[in-house]
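> what follows is a predicted protein model with its sequence.
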Amino acid sequence: MPDPSTLFESAGIGDRVALARLLSLVERGGDESRSVAGLAFKSPGEAYTVGITGAPGAGKSTLTDHLIATGRQRGLGTADHRAAGADGPVGGGQVAVLAIDPSSPFSGGAILGDRVRMQSHALDDGVFIRSMATRGHLGGLSVAVPDAVRLLSAVGVPIVFIETVGVGQQEVAVAAAADTTMVVVNPGWGDAVQANKAGLLEIGDLFVINKADRPDTRETRRDLELMLDLTELGPWRPPIVETVATTGDGIDQLWEAVRRHRRHLLDEGLLEEIRHRRLVRELHQIVGLHLEEQIGALMETEDGRRITGAVAAGDLDPYAGAERLLSSLLSIPDDGSVDL
Ligand SMILES: Nc1nc2c(ncn2[C@@H]2O[C@H](COP(=O)(O)OP(=O)(O)O)[C@@H](O)[C@H]2O)c(=O)[nH]1
Ligand SMILES: [Mg+2]
């Protein structure tokens, strides 16, 4: 297999096979993944990310299928949205989808289902769909997804959709890492409440009541409004959009809401700020992961065993033990691979 930089070059001029291989490297983790991440970081691109999250079966993939088409046709508007004719796709109208489903790490039913549902785009060269299930590497999806997004951005994809099951802390964190995050709920008693409990209310930039062809849509809207009333909101109040993903009803309004949110971020100078904060968080997380790995290794050293033994025997209190372990951890010299 060609090395990462050759693949990166090919992917940059539209080689989809090369792009798929790079994404596999990113997913797998390890040294090659790091070199891909480094290459991508050096040519950041301009991808805007849209997260679609919600409970399994809420209709996320069916919605995404429509959003692909709409995103391709209409784009997000130009970078300078105040310019005349701010409509129309940027970057040739390409889009990518990352379908994340950690609950089925071996490409089980959900992902297969997603493929089938999104197959109307299977032959479209401007659409790149990728399922990411897991990563055999430290940090899992919360590290792999930002890498994958950066890679897609670096090779020139202007819009990246990230579909995640909004169940579980890690998934919510991945969803929250998008520039615009939509939370999908269904009509029916308690769905909005469940979303709230899962922490989805806090991360939603907009809410979608999908399956609005079913009864109780109005009640669900009222529930959401009430919960938003009780949430401390900034200058942006998340709009609530009703859709029927199976027919495409409401998709135009949904896309308009995405564009409005993006315009809001640009107008207020917030886009740069949230991306910056996200990078700092990512850095923090990577450092934390490495430290944890080192702590694990340290516990297995002779020193580590002696100290844990002493704590276990009651000869050393845990704080004193931790201090000893930390001082020995922090004196580990780095391997010089980072040249600052
Ligand atoms: N009645 C109705 N069914 C829908 C709607 N949107 C999606 N579905 C169905 O709900 C099921 C789950 O959809 P899917 O997109 O796979 O949900 P996901 O798990 O959130 O990605 C499928 O059988 C869809 O056909 C809708 O607006 N109305
Ligand atoms: Mg799905």
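Alright, I've got the coordinates. Ligands and ions are numbered 1, 2, ... in the order given.

> most centrally placed residue in the chain?
Nearest residue to the geometric centre of the chain (C-alpha atoms, centre = their mean): residue 174, 3.9 Å.

> unless I'm mixing things up, that residue is touching residue 143, no?
No. Contact criterion C-beta atoms under 8 Å: residue 174 and residue 143 do not qualify, at 10.0 Å. (Each C-beta comes from the backbone N, C-alpha and C, glycine too.)

> list the contacts of stretch 255-263.
Residues outside stretch 255-263 that contact it (C-beta atoms under 8 Å, 6 or more residues apart in numbering): 48, 50, 67, 70-71, 74, 76-77, 81, 179-180, 182, 205-206, 236, 239, 241, 271.

> just the buried ones from these?
48, 50, 67, 70-71, 74, 76-77, 179-180, 182, 205-206, 239, 241, 271 (16 or more other C-beta atoms under 10 Å).

> among the residues you listed, which are in strands?
Counted as lying in strands by DSSP state E, out of the buried ones among the contacts of stretch 255-263, are 48, 50, 180, 182, 206, 241.

> can these go into JSON lines with extra columns for distance to residue 310 and pLDDT?
Output for these, formatted as JSON lines (distance: C-beta to C-beta, whole Å; pLDDT from 0 to 100):
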{"residue": "48", "distance to residue 310": "54", "pLDDT": "96"}
{"residue": "50", "distance to residue 310": "53", "pLDDT": "97"}
{"residue": "180", "distance to residue 310": "52", "pLDDT": "97"}
{"residue": "182", "distance to residue 310": "53", "pLDDT": "96"}
{"residue": "206", "distance to residue 310": "55", "pLDDT": "96"}
{"residue": "241", "distance to residue 310": "60", "pLDDT": "98"}
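
> biggest separation within those residues, which pair?
The span of those, defined through C-beta to C-beta, is set by 48 and 241 at 18.3 Å.

> next one: phi and psi at the residue in the stretch 151-300 of the chain positioned nearest to ligand 2?
Ligand 2 sits closest to residue 163 of the stretch 151-300 of the chain, with a gap of 5.8 Å, by C-beta to the ion. Residue 163 has phi and psi values of phi -100, psi 120 when expressed as degrees, to the nearest 10.

> ditto for residue 268
Dihedral angles (degrees, to the nearest 10) for residue 268: phi -90, psi 0.

> relative to residue 75, how far out is the closest residue to it other than its chain neighbours?
The spatially closest residue to residue 268, leaving aside those adjacent along the chain, is residue 235, at 6.9 Å (C-beta to C-beta, 6 or more residues apart in numbering). Residue 235 sits 25 Å away from residue 75, going by C-beta to C-beta, to the nearest Å.

> of those two, give the one with the bigger neighbour count.
residue 75 (22 against 8; other C-beta atoms under 10 Å).

> from residue 126, how far out is the more buried one?
For residue 75, the distance to residue 126 - C-beta to C-beta - is 12 Å.

> what do you get for residue 230?
For residue 230 relative to residue 126 (C-beta to C-beta), the value is 42 Å.

> the more surrounded of those two?
residue 126 (17 against 10).
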